[in-house]
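Enquirer: Structure of the sequence below:
(2 chains)
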Amino acid sequence: MRDLIEGRVWTLGDDVDTDQIISGKYLTVIDPNELKKHVFEIALPEFAANAQAGDIVIAGVNLGCGSSREHAPQALKAIGVGAVVADSFARIFFRNAINVGIPTIEAPGVRALFEAGDGARIEMGAGRVTNVRTGASVGFPPLPSHLLELLEAGGLVEKVKRELQAGRADTAR
Amino acid sequence: MTGNGTGAGQTLAERILARAGGLEQVTPGQIIDGRVDLAMMHEQGAQTVQPFHDMGASRVWDPDRVVIAIDHWVPASTEGAAVLHRILRQFAKEQGLPHFYDVGNHGICHQILAEHGWVVPGDLAVGTDSHTNMLGAMGAVAAGIGPTEMAAVLALGKLWLKVPPTIHVRVRGSLRKGVYAKDLILRILGEIKTTGATYKAVEFSGPTIERMSMSERFTLCNMTTEMGAKCGMIAPDATTYTFLEKIAKHPMHPLAPDADAHYERVVDIDVDALGPMVACPYSPDNVRPLEEVLPKHVKVDQVFLGSCTNARIDDLREGARILKGHKVAAGVRFIVSPASTSIYKQALDEGLIETFTEAGGVFTNSSCSACFGGNMGILAPGEVCASSSNRNFPGRMGAKNAEIYLLSPAATVAAAIRGELADPREFL
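Expert: Below you'll find the predicted structure:
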């Protein structure tokens, strides 16, 4: 995971729930490359066709409330989104996004600083999100070490893989 | 005992998480590795299989603590759903997972866990569905997680958790005729709102809760999910033990909050004057007294009595009692979906199915049914539904601009009879 993340911004409002991110009718789809065609279909219909790898999503409060579906972060991962930033997250969405390896940052007050199409610069270590166009910025508490480790590893799958391998090595000793 | 930094005792969530973490006590904000007592998967569990293998895991940590209960598309209604079911069946076979509730023995996953005694007091339970919170009514910490996280749980039998601060909801008074646990939880949602309990635990107590049946307690804990809560719970008492006496699958570890526990917030509710409530589109916290909405004459196209929140036998009995002697209004589609196959059979034995179908309703096989907009009972653009379920966000049951009003089972049936939102007390 890079310390500095920069990208073009897409904006969402408050309380965008998982139905607005990936609608219930796509829940039997498990191929992330198919899912990414439908991400934000209700909340931001132009996103799926136009989003590029490295883009940054900035939302208001309670992003990802509702269901436990991981389809939403899987689809964002398939697009290659650089980071998801919000005033606040619903807890399962936050965990799911971190678990699939997306830098997920809670920065209260961030949404008001951005318009769609602005550039964002995120300093992970220092804990700051800056609007490149206006210069306005907001701080955030850096992620705790166990979550940074998880992102460093590239997500939960890689982290557990390392743990299991280390465990086996211990047993073999 | 040593102090926890504040000198205060432990809430129920803290007691349970301390046990799960093998610690004497914990403090909100502390990160623990929690040993999992029960892991539940529904169709979303199909997405755990690939990450489980990618992690290099070979065996599930404890097959006796894993339950698979398919519920969203039962029997499979699309090829995609059939594939999810097959992935789960193959995984269960390969891993030797005996507790698979498949077609014919099925029900909504949380109801399956409840009626088969899979979650017991003191447990840390996780499931691949957001309404796993419902099982907190057993005096447990029960939380929803995603499928990748579940893969890690299956591999290691544990997961990291941040100890949440607790909101204490104390309830006193008696629910009046025509007013139910659902009205109470909607009233509480109207106060705490959809973000008020994010990352937090909600603990219910008080004389009203003590008098409630397990079914009513499940309804309360179920909708703590809509407050953003990590978990909702009720300390175990005689009602809990009686319910679990013959069905508990694992030994109980009853835990209670300390009298001097530190709560982040206390919400006091008196239900003596509470009337029927409704959550209007497009948020479960857009709650008003039903009486205030009735003058608008909200016509309904569909009525849904179902979901993990409110489709147990007492919900169906109350609905049938109100419906008896009436007909479903012309032009209204009334869908009743029991929470499990055993409830289906009970409804059959008690003649409830006859009451619903004679009145013009459709009584379906047990499943999540119309609640999530991906299987049946889907709404067309502009349609309106009165529902006993738990969410009414845009697009939840189908079209983005369809409208969902969340109500008690009794109030949904009143709407089915009138063809518009109506006060259930007029039929009691």
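Enquirer: excluding its backbone neighbours, what's nearest residue 21?
Expert: I'll assume chain A. Nearest residue to residue A:21 in three dimensions, chain neighbours excluded: residue A:72, at 4.0 Å (Cβ to Cβ, 6 or more residues apart in numbering or on different chains). To be clear about C-beta, it is placed using only N, CA and C from the backbone, and glycine gets the same treatment.
Enquirer: you looked at the wrong chain, it should be chain B
Expert: Excluding the flanking residues, the one nearest residue B:21 by Cβ to Cβ, 6+ apart is residue B:32, at 3.6 Å.
Enquirer: can you check residue B:192 too?
Expert: Setting aside the residues directly before and after it, residue B:192 is nearest to residue B:227 in space (Cβ to Cβ, 6+ apart), at 4.9 Å.
Enquirer: so the one you found touches residue B:197, yeah?
Expert: Yes - in this structure, residue B:227 is within contact of residue B:197 by Cβ atoms under 8 Å, at 3.8 Å.
Enquirer: How far does the host helix or strand of residue B:188 sit from its chain's centre?
Expert: Taking DSSP states H and E as the definition, residue B:188 sits inside helix B:181-192. Its chain's C-alpha centre lies 14 Å from the corresponding centre of helix B:181-192 when counted by Cα atoms, centre = their mean, to the nearest Å.
Enquirer: immediately after that helix, which helix or strand?
Expert: Under the assignment DSSP H and E, the closest C-terminal helix or strand after helix B:181-192 is strand B:201-205.
Enquirer: Between helix B:181-192 and that following strand, find me the angle.
Expert: Counting by axes from the mean of the first three to the mean of the last three Cα atoms, to 10 degrees, strand B:201-205 points 130 degrees away from the direction of helix B:181-192.
Enquirer: Roughly how far does the nearest residue to residue B:417 once chain neighbours are set aside sit from residue B:332?
Expert: With sequence-adjacent residues excluded and distances taken as Cβ to Cβ, 6+ apart, residue B:417 is closest to residue B:326, at 4.6 Å. Here the criterion is Cβ to Cβ, to the nearest Å. By it, residue B:326 lies 12 Å from residue B:332.
Enquirer: Pick out whichever of those two has more residues nearby.
Expert: The neighbour comparison of residue B:326 against residue B:332 (other Cβ atoms under 10 Å in any protein chain shown) goes to residue B:332, with 22 against 16.
Enquirer: That one contacts residue B:302, correct?
Expert: Yes - look at residue B:332 against residue B:302 with Cβ under 8 Å: they come within range, at 7.0 Å.
Enquirer: Residues in contact with the helix holding residue B:188: which ones?
Expert: Applying Cβ atoms under 8 Å, 6 or more residues apart in numbering or on different chains, the external contacts of helix B:181-192 come out as B:167, B:169, B:171, B:175, B:202, B:208, B:212, B:215-217, B:219-220, B:222-223, B:226-227, B:267, B:269, B:271, B:274-279, B:284-285, B:287-288, B:309-310, B:388, B:406-409.
Enquirer: One more pass at 7 Å, please.
Expert: B:167, B:169, B:171, B:175, B:212, B:216, B:219-220, B:223, B:226-227, B:267, B:269, B:271, B:274, B:276-277, B:279, B:284-285, B:287, B:310, B:388, B:406, B:408 (Cβ atoms under 7 Å, 6 or more residues apart in numbering or on different chains).
Enquirer: Can you list the buried residues in it?
Expert: Within helix B:181-192, the residues scored as buried using 16 or more other Cβ atoms under 10 Å in any protein chain shown are B:181, B:182, B:183, B:184, B:185, B:186, B:187, B:188, B:189, B:190, B:192.
Enquirer: out of these, who's nearest residue B:161?
Expert: Minimum distance to residue B:161 across those is 21.2 Å, recorded for residue B:192 (Cβ to Cβ).
Enquirer: Tell me the strands beside the helix or strand harbouring the residue nearest to residue B:21, with direction?
Expert: Element membership of residue B:32 [criterion: DSSP H and E] is strand B:31-35. If you go by DSSP bridges, strand B:31-35 pairs up with strand B:158-162 (antiparallel).
Enquirer: how distant is the partner strand from the center of its chain?
Expert: Taking Cα atoms, centre = their mean, the mean C-alpha location of strand B:158-162 is offset from the chain mean by 22 Å.
Enquirer: Outside of it itself, list whatever touches it.
Expert: Contact with strand B:158-162 is made by A:146, B:17, B:29, B:31-36, B:126, B:149, B:152-153, as judged by Cβ under 7 Å, 6+ apart.
Enquirer: Keeping just the C-alphas, turn that strand into CSV.
Expert: Backbone C-alpha positions of strand B:158-162 (Å, rounded to 0.1, in the frame of the first residue of the first chain) are rendered in CSV as follows:
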residue,chain,number,x,y,z
LYS,B,158,-11.4,-16.4,15.4
LEU,B,159,-11.7,-12.8,14.2
TRP,B,160,-10.5,-9.4,15.3
LEU,B,161,-13.1,-7.2,16.9
LYS,B,162,-13.0,-3.7,18.3
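Enquirer: Next, give phi and psi for residue A:68.
Expert: Its backbone dihedrals place residue A:68 at phi -90, psi 0, with angles given as degrees, to the nearest 10.
Enquirer: how far away is it from residue B:65?
Expert: For residue A:68, the distance to residue B:65 under the criterion Cβ to Cβ works out to 19 Å.
Enquirer: Also residue B:136?
Expert: For residue B:136, the distance to residue B:65 (Cβ to Cβ) stands at 18 Å.
Enquirer: Just give the number of residues close to the closest residue to chain A within chain B.
Expert: Per Cβ to the nearest Cβ, the residue of chain B with the smallest distance to chain A is residue B:80, at 3.0 Å. Residues within reach of residue B:80, counting by other Cβ under 10 Å, total 18.
Enquirer: got the contact list for it?
Expert: Under the criterion of Cβ under 7 Å, 6+ apart, the contact partners of residue B:80 comprise A:28, A:29.
Enquirer: how near is the residue of chain A found nearest chain B to residue B:348?
Expert: In chain A, the residue found nearest to chain B is residue A:28; the distance is 3.0 Å by Cβ to the nearest Cβ. When distances are taken as Cβ to Cβ, residue A:28 and residue B:348 turn out to be 30 Å apart.
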